[in-house]
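Trainee: Give me the fold of what follows.
(chains A, B and C)
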Amino acid sequence: MAIKKFAVAAYDDEAVLFPAVKKVRKSGYKIHDVYTPFAVHGLDVALGHKDTDLHIAGFIYGLCGTSTAVGFISWIYTSDWPIVYGGKPHFALPAWIPITFELTVLFAAVGMVLSFCYLNQIMPGVKKHVFHPRQSDDLFVMAIEINSHMSESEVIAFLKSTGAVETNVQMAEEGWWYGRWDKEEEYEKLNSSVA
Amino acid sequence: MFNGQTFESHHDVTIAGTNEFYEIAITQTHNSYEARPILHEFTLEEFEKDPKILLKERGNEIAEFAEIPWLEEGKEAETEKIVGPNTEEEYRINGTLYPNHPYEGIKWGMSIDLSTCIGCGACVVGCMAENNVSVVGKEHVMKSHEMHWIRIDRYFSGKIEEPDTIQTIFQPMLCQHCDNAPCENVCPVSATNHSTEGLNQMAYNRCIGTKYCANNCPYKVRHFNWMDWNGADAFADNQFEDYRRDDLNDDLTRMVLNPDVTVRSRGVMEKCSFCVQRLQEGKLAAKKAGRPVKDGEIRTACQQACPTDAITFGNVNDRGSEIAKLRKDEQMERTFYVLEHIHTLPNINYLAKIRNADEIKGIDEKKDDFLKYHI
Amino acid sequence: MHIKYESFVREPLVDGNKTYHQVSEDIIRPIEGKPGRMWYVGFFFSIILLCFGIFSVSWSVYWGLGTWGVNRTVGWGWDITNFVWWIGIGHAGTLISAILLLFRQGWRTGVNRAAEAMTIFAVMCAGQFPIWHMGRVWDGFWVLPLPNSRGPLWPNFDSPLLWDVFAISTYFTVSLLFWYSGLVPDFSLIRDRAKTKLRKMLYGFASFGWTGTAKNWQRMEALALVLAGLSTPLVLSVHTIVSFDFATSVIPGWHTTIFPPYFVAGAVFSGFAMVNTLLVITRKILHLEEYITIGHLEAMNKIIVLTGSIVGVAYLTELFISWYSQNWGEMAAFQWRIMGPYWWSYWAMMTCNVVSPQLFWVKKLRRNIPFTFVMSIVVNIGMWFERFVIIVTSTYRDWVPGSWSYYSPTWPEVGFYLGTFGLFFTLYFLFAKYFPVIAVAEIKFVLKTSGDNYKRDMERIEVQSAEEFQHELDAHHDEDHHEEAAHH
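Mentor: Modelled structure (predicted):
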């Protein structure tokens, strides 16, 4: 991952945010991402993201759970060590339904959460750059990457025109890193020299 | 010092009532069998009049489950509900949705004759001696923690003001070794299962002590090791009193144990095993001699101790054995199983008590105070 | 035009004049400050109870279960009663989080975080009982299907107790994952507000580096929806499986097909009552009355009267069927429940569970806070008696009268139960201090639709005529179209 320069705009109202996103995308700027304190419905569509397939993964994990349960139990009872319990036949499928169901749910849930963490690139100890301390509080923060062909002041002026209540330029780590916040403090030094 | 040969006598004693209470430990707190069909008793007169009376009573409970009506094409439904020669087998197979496990080799079975049983308790003592069953002491008997693998349930019926007319019936109750054992289904760690010879097997060293099997046993014949009676667990010496080692934690007392039978740890469930150590020994002897087990060769401890030969034990699959003849032929009209209507398929049958009396009091509230007041 | 309109028939979910920032402040500030006096007092008592519980359990494990009152006839007493009681309580949290999410009930946002925490702590308390009631606890791991050198010998998958093992562990795991995944964005809020290095490090670690991009939220919503969809059958199945501990046996009073729905309804009933107990106190102490409004408590009470009625109908059905079946075992079991030596427990159960929740049909009582609090305790007492009645009064007099007995608990059993209260409240106090007790992100999500001040702003739309409304809508629509055309 690399350190890049970003133009950051903060909005305080969803009604302003949506037209702003539309305008920015139409004008050809590539939005790095929009950070919101809660799920804003329609934002992913406005940004052009496609729908997530997480639920399909969940379904597949669930099927793994079902087959593991039925396969394992029937192997034990019919092949590995058949025992007579209460006069029941060795293949007593009705008695295995509760465990099968529970393993299905367990595999689906755990698998989905792990996939969720993997896709979102989050994990205990993972750090990402926070563009604005109020992005989890009450502001909707948009970050646009500024490459060498763009003019900083132009981008900032444009963002102000879309209704941003705050704008600034930041040097930031683009992706995630594992470890301490010290790295974050390095950017503070970088940013104080840029601003 | 009292050594059994000293005597003391006093002549200046008086007896007077106090208002104090002294606690006595008893194992059975309820004296009426509540007119429940767990045992059957008839007067000689009524049994002679209709020898099939018991078979009809049993038929009322189980005969309709012995048939599958929609398979009996063209046949009229049986109007008379009676247990016939094939009813038990049909009930075994048709009374459940599951298929049946066949028992083709030895099938151990026991019969207990309620007419002959005098309630002496020799079977209880014999079983405890043979199987290292722990004596738990007064405090724990009062908490219903006693360990008797076989117990004698004793039921009274009659008028309390006329104690000489009270009828008593004894029912030795032990593990019925059910072919459809409710206990086997519920053990989470597979500590109990069914052998190919019809025994309900208890694997002591697998039991983790959830006590579900005891809860599910309708006969309540399973017993839990509530304390460390045998010094057989990892917590050393926690059963001593008065700062001395007593009970079976003492080297001398331990010599009372039967070396052929294991002792159970604290926290483990135990119950009658049909003296499996004797079964194994008998089968081994027969195998070494190159012949099948002969009927009467293997006797359980309770059978051996019984002074009236109320207990018969043997291989039911052996046509010539005493138990097979008893069940199928000689005593078929007196044979019944306890709680057979819940389809546990017990391997112990009881023989109904025939009284030399004018009436059976235990089934009539007007004649039986114990039933009327539910004591 | 961006209208966030909700009908005026619905009460606001957030009272007062709240902005997003105010929401963050109200809920997070208690975490950042020092706890009040009440917190220290409550926490201290919880620790004391927990220590007594640990002592009771150690005593029982060292000396043996013979120190308890359970015996050869009544093999399960307070231990399993308490197990089912705690598990039942736990189900409310999952119902609020999962089922109300699927039913799109916005009011869940005020209560779901605390309710889910309650579920997790309740399941932890419940799990203590099956563990320590074992005769040989040290071999308890044999219930797990781990490969071993004893055959390998596997557990018995036909056993309802083993179904319990799988069900409870799955339920705990899924609840924990669902609860924690909702907490991640809220932890990121605390992290971003953190003024001290320690707080930033701890909450940063706990928040997994969450930043809240649109794609993150999209996946979060998908995850929440699927976990809710998985948790819903879990609520129903876990308590059904617990009821199978009894329903699959042969003992009269246990062997009945009514248990699965009866237990599930009873679980929701007692769980909602416990949530009310906790929330009435929490909202007062943390000054969150504007987020956990009377409307929220009223909604909980409506569910209490609904599930209480189901439970009442179930009791009456059981009585009817015991007569209708003409099965001597079944009839006797109920006779001994109502009139035998344990009659007092049966009537306590009937009074607390059937009679008292019916008072919630009265709206004034539903919206009365002290009454809600008292009722929530009464309901939980009644539900404890229900499990006691089922477990003890069915086994103490079953098929064979020669084995009939009686059961009284001894001090280690009572101590064990008190210890689980200690565990539960210790965890709950820690939760209330260090975790956001309300789901901040979810409140913000519903704020502009259901917040008091925003709803009042919508009044002008309420009084508009249909034509005016359509005109406004079209005007905005044209505006957007003109913008688009200008760009081409």
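
Trainee: what about the helices in the stretch 301-450 of chain C?
Mentor: C:328-339, C:343-350, C:363-366, C:369-395, C:411-434, C:440-450 (DSSP state H, counting those that start in this stretch).

Trainee: Compare those and give me the one nearest chain A.
Mentor: Between chain A and the helices of the stretch 301-450 of chain C, the shortest separation by Cβ to the nearest Cβ is 4.1 Å, and it involves helix C:440-450. Placement of C-beta: from N, CA and C, glycine included.

Trainee: just how off-centre is the closest one within its chain?
Mentor: Put simply, helix C:440-450 sits 22 Å off its chain's centre (Cα atoms, centre = their mean, to the nearest Å).

Trainee: Is it correct that B:V141 is in contact with B:Q28?
Mentor: No - using Cβ atoms under 8 Å, B:V141 is not in contact with B:Q28; the gap is 10.9 Å.

Trainee: Can you give me every residue that contacts the residue in the stretch 201-350 of chain B that chain C sits nearest to?
Mentor: The nearest approach of the stretch 201-350 of chain B to chain C comes at B:G209, 2.0 Å away (Cβ to the nearest Cβ). The neighbourhood of B:G209, defined by Cβ atoms under 8 Å, 6 or more residues apart in numbering or on different chains, consists of B:F224, B:G267, B:V268, B:M269, C:L65, C:M134, C:G135, C:R136.

Trainee: Provide the secondary structure category for the closest residue to the last one other than its chain neighbours.
Mentor: In other words, C:R136. Spatial nearest neighbour of C:R136, chain neighbours left out: B:G267 (3.9 Å); criterion: Cβ to Cβ, 6 or more residues apart in numbering or on different chains. Assigned with DSSP: H, G, I helix; E, B strand; the rest coil, B:G267 falls in the coil class.

Trainee: tally of neighbours for the one residue in the stretch 201-350 of chain B that gets nearest to chain A?
Mentor: Of the residues in the stretch 201-350 of chain B, the one nearest chain A is B:L345, at a distance of 6.8 Å by Cβ to the nearest Cβ. Using other Cβ atoms under 10 Å in any protein chain shown, the number of residues around B:L345 comes to 22.

Trainee: Thought B:E88 was touching it, still the case?
Mentor: No - here B:L345 lies out of contact with B:E88, judged by Cβ under 8 Å, at a distance of 9.1 Å.

Trainee: what pLDDT does the residue of the stretch 201-350 of chain B closest to chain A get?
Mentor: As predicted, B:L345 sits at a pLDDT of 95.

Trainee: quick one, phi psi at it?
Mentor: Backbone geometry at B:L345, expressed as degrees, to the nearest 10, gives phi 50, psi 60.

Trainee: can you pull the contacts of it?
Mentor: B:L345 sits next to A:G87, B:R92, B:C178, B:D179, B:N180 when contact means Cβ under 8 Å, 6+ apart.

Trainee: ok, the first one - how many residues close by?
Mentor: Applying other Cβ under 10 Å, we find 21 residues neighbouring A:G87.

Trainee: Got phi/psi on it?
Mentor: Torsion angles at A:G87 (phi, psi; degrees, to the nearest 10) stand at phi 80, psi 10.

Trainee: what residues are up against it?
Mentor: B:T96, B:Y98, B:N100, B:H101, B:C178, B:D179, B:N180, B:A181, B:E184, B:H194, B:L345.

Trainee: Over to the last one?
Mentor: The neighbours of B:N180, taking Cβ under 8 Å, 6+ apart as the test, are A:G86, A:G87, B:T96, B:H343, B:T344, B:L345.

Trainee: Kindly report the same for the fourth one.
Mentor: For B:D179, the contacting residues are A:G87, B:R92, B:H101, B:Y103, B:H194, B:G198, B:T344, B:L345, B:P346, B:N347, by Cβ under 8 Å, 6+ apart.

Trainee: Including secondary structure and distance to C:W217, could those go into a markdown table?
Mentor: Formatted as a markdown table, the contacts of B:D179 follow (DSSP: H, G, I helix; E, B strand; the rest coil; distance: Cβ to Cβ, whole Å):
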| residue | secondary structure | distance to C:W217 |
| --- | --- | --- |
| A:G87 | coil | 55 |
| B:R92 | helix | 62 |
| B:H101 | coil | 58 |
| B:Y103 | coil | 64 |
| B:H194 | strand | 57 |
| B:G198 | coil | 64 |
| B:T344 | coil | 58 |
| B:L345 | coil | 61 |
| B:P346 | coil | 63 |
| B:N347 | coil | 65 |
